[in-house]
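1. Structural data only, the sequence is not supplied:
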């Protein structure tokens, strides 16, 4: 049972759920604004990566951007066609195509940043300037903590005995006092 220590009787009003919901709302707002300009989040991620990190090879960009390789390749081709990126061939350790953002690409990115600022103003309209500053500070701390914890196993509460098991099929199983679910071999470890 939810104990309500966070000021609400609903477990779905915990900060982690609220952050997730706010993130989805921001994604929708930004995606709509990008679509209005004929762009996708992949286009934005590529422009941002090149603006922040400088020239990169296609291979590096494909690995850096959270999208499938075909999506990244299509977006790169779109940005090159629109002259927002420039390609150069270099011969260092073999032939590589290196991409860099153009002045037009930087201008386009400035417009996207202005769109993001407008979306932020829409989303945070109910907050005062001081509350916005405080929220930004708190979110920076949360993001820093999340970045430090990236790649670590999630911490689970000991009292929770529920787990998602993986075997020949996915099932929910109740793990009690170290006993393995019926469809999984006993590894001798408690859940």
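-> Yep, it's here. Just so it is clear, the model here is predicted, and its values are computed rather than measured.
2. so what's the residue nearest the centre of the chain up against?
-> Centroid-nearest residue in the chain: residue 66, 7.8 Å away (criterion: CA atoms, centre = their mean). Going by CB atoms under 8 Å, 6 or more residues apart in numbering, residue 66 touches residue 45. No exception for glycine: its C-beta is placed from N, CA and C like everyone else's.
3. same check, this time on residue 111
-> residue 37.
4. A helix includes the residue nearest to the centre of the chain, no?
-> No - assigned with DSSP: H, G, I helix; E, B strand; the rest coil, residue 66 falls outside any helix and is coil.
5. do you know how far it is from residue 49?
-> 11 Å (CB to CB, to the nearest Å).
6. Please report phi then psi for the residue nearest to the centre of the chain.
-> phi -80, psi 70 (degrees, to the nearest 10).
7. how far away is it from residue 24?
-> The gap separating residue 66 from residue 24 is 16 Å, by CB to CB.
8. And the helices in this protein?
-> Assigned helices in the chain, in chain order: 15-36, 41-53, 58-64, 69-81, 103-123, 129-149 (criterion: DSSP state H).
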